[in-house]
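I would like the atomic coordinates for the input below:
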Amino acid sequence: MNVNPILPGFYPDPTICRAGDGYYLAASTFEYFPGVPVFHSTDLIHWEQIGNALDRPEQLRVLGGLAAASTGVYAPTLRHREGKFWLVTTNVLEHAKGQLIVHSTDPAKGWSDPVYAPGAIGIDPDLAWDEDGTCHLTWAGAGGITQAAVDPETGELLSEPKSLWSGTGLAYPEAPHLYSRNGWWYLVIAEGGTERGHAVSVARSRSITGPFEPHPDNPILSHRSTGHPVQNTGHADLVELLDGSWAMVHLGVRPRGSTPMFHVNGRETFLAGVDWIDDWPAVNEDAFSVPATQTSFTDDFADPVLHPRWISPGAVPGAFARRHGRNGVTLAAGRAPDEREARRLLAVRARDARWEAAATVSSGDVALVVRIDDDHWAGVQRHGDVVTARAVVGPFDQTFAAAHGIPEDRPLVIRSVDNADMPSPHNGPDRLRLGYLADDGFQALADIDGRYISTEVASGFTGRVIGVEALAVEAVLTTFTYTAIAEPTG
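Okay, the predicted model is just below:
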């Protein structure tokens, strides 16, 4: 049973395409900038981030603050045709503009300014070209799955929007993708909501514009009402491989703890095989052997530009984080020490069940936090020579402990570890230990239940990120280390 994601951490709504012998994958980013990370692989198993599709302020508008959580970029579709890559997505902050389309000849070297498709109002857009070369834009609208012909260069709709399919009757038919194979057009969608009832369903037609008949055994993928360790499976995208076989990427979560269980790292990207039986797709979840992804890294910020893994909620990282000498990065002043909402948080995704993050700061007051949103976060703050552990959960804002006389160069540390009280009917997914590194090792100031920084508590569509923010004054971050902690043995 394959339980390892190919992209662990907050990489939801995956979309995939092939160009030659390479594969390209993108994901949603919501309120975080830059938007839409893009990855490359030659084997579908090992992926390298080569950039972000929406990495300039003129391409993407995002906002910070609690009200903006889970707004911004919704599900993209990535396609390759005649030497050009196309990406279409929704920025829900600009919902009235319609779907957003960009293109590139090399995803590692940047993407065009966007055009919009006014009249295509909804989410989860898809692009597909028919046999005559006409491009069709398909999206999830108020009446189900909707489609219109479009000029992708300008965004102009070339036909009136038409309803294609409303799904099998489950809630929230969305995430449409169209594929042509063996004289059929296949419409793959997600249904059931992106929580425990999530599912993948399919219909087919001889024409890209329908009418579509549903698979008699829908859904073709769902883990609902099972004990599978990967839940919420859905939002799939298919790709034909170089040898003519097919594969699928889809999202899922890995909930832990006592009932109702909690997932903390967001919706992650998984891989499955696709067989064809009587001209219908059948999902083979054991087609690929996926090892655990190597996620640990240390960044001393010696490169002249930030690695594309760095993101920020509602802010442009390059606008407040600049290189400091030969290594390190200077962070412009962010929130005040007693404020709750992040203003200039430089962050990365949490990607493992157990991990440690450490930030070394040579000057300035800072916070190292793990967060879902501005109402659900925990962290370590340094103000002068005082280090405090703090957590914000809804209306509650608690400082747990403080250590005085701590030298400025001591790393601030957060650890996610297994719940020490197992087994228990009241366990969260993990424990978050907040502290700092002293001469004699890690000094914990607080230990809190990780459920309070989980999607089941915070709601929304994102996952945990870990970040550093300068508090009221400029600060210099010299090193950031993220380390995956191996699963206990024995």
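
helix, strand or coil for the residue lying closest to Glu131 once chain neighbours are set aside?
Closest residue to Glu131 apart from its sequence neighbours, by C-beta to C-beta, 6 or more residues apart in numbering: Ser180 at 7.8 Å. The C-beta positions use only the backbone N, C-alpha and C, and glycine is treated the same way. Secondary structure, DSSP: H, G, I helix; E, B strand; the rest coil: Ser180 is strand.

Next, count neighbours for Ser180.
Per other C-beta atoms under 10 Å, the neighbour tally for Ser180 reads 14.

Same check on Ile466?
Ile466, neighbours per other C-beta under 10 Å, totals 24.

Please name the nearest non-neighbouring residue to it.
Nearest residue to Ile466, sequence neighbours excluded (C-beta to C-beta, 6+ apart): Ala357, at 4.6 Å.

same check, this time on Pro12
That would be Arg267: by C-beta to C-beta, 6+ apart, it lies 3.6 Å from Pro12.

That neighbour is in contact with Val253, isn't it?
Yes. Using C-beta atoms under 8 Å, Arg267 is in contact with Val253, at 5.6 Å.

what touches both of those two?
Asn232 (C-beta atoms under 8 Å, 6 or more residues apart in numbering).

Flag the shaky bits of the stretch 51-200 of the chain, pLDDT-wise.
Nowhere does the stretch 51-200 of the chain drop to pLDDT under 70.

Tell me where it has strands.
Counting by DSSP state E, counting those that start in this stretch, the stretch 51-200 of the chain has these strands, from start to end: 77-81, 84-89, 99-104, 115-117, 123-129, 135-141, 144-149, 162-165, 174-181, 184-191, 199-205.

Please identify which of the ones you listed is closest to Val468.
strand 84-89 (28.1 Å; C-beta to C-beta).

Counting neighbours, show which residues of that closest one come out buried.
85-89 (16 or more other C-beta atoms under 10 Å).

Same check on stretch 57-70?
Neighbour counts over stretch 57-70 (16+ other C-beta under 10 Å) mark 59-60, 62, 64-65, 68-70 as buried.

hang on, the earlier thing: now the strands of the stretch 51-200 of the chain as TSV including distance to Asp275?
Output for the strands of the stretch 51-200 of the chain, formatted as TSV (distance: least, C-beta to C-beta, whole Å):
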stretch	distance to Asp275
strand 77-81	23
strand 84-89	28
strand 99-104	32
strand 115-117	35
strand 123-129	22
strand 135-141	25
strand 144-149	25
strand 162-165	23
strand 174-181	12
strand 184-191	14
strand 199-205	13
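
Let me see the ranges of the strands in the stretch 201-350 of the chain.
Under DSSP E, counting those that start in this stretch, the stretch 201-350 of the chain gives strands at 213-214, 231-240, 246-253, 268-277, 280-284, 297-299, 312-313, 321-323, 329-331, 346-349.

out of these, deepest packed?
Stretch with highest mean neighbour count among the strands of the stretch 201-350 of the chain: strand 312-313 (a mean of 27; mean count of other C-beta atoms under 10 Å).

those helices in this structure, which residues are they?
Counting by DSSP state H, the chain has these helices, from start to end: 317-320, 455-458.

and of those, who's closest to Leu7?
Nearest to Leu7, of the helices of the chain and by C-beta to C-beta, is helix 455-458 at 17.1 Å.

hmm, back to that, out of the strands of the stretch 51-200 of the chain, which gets nearest to Val380?
Judged by C-beta to C-beta, the one of these that comes nearest to Val380 is strand 84-89, at 35.1 Å.

now the closest one, how far from the chain's geometric center?
Centroid separation for strand 84-89 versus its chain: 18 Å, with C-alpha atoms, centre = their mean, to the nearest Å.
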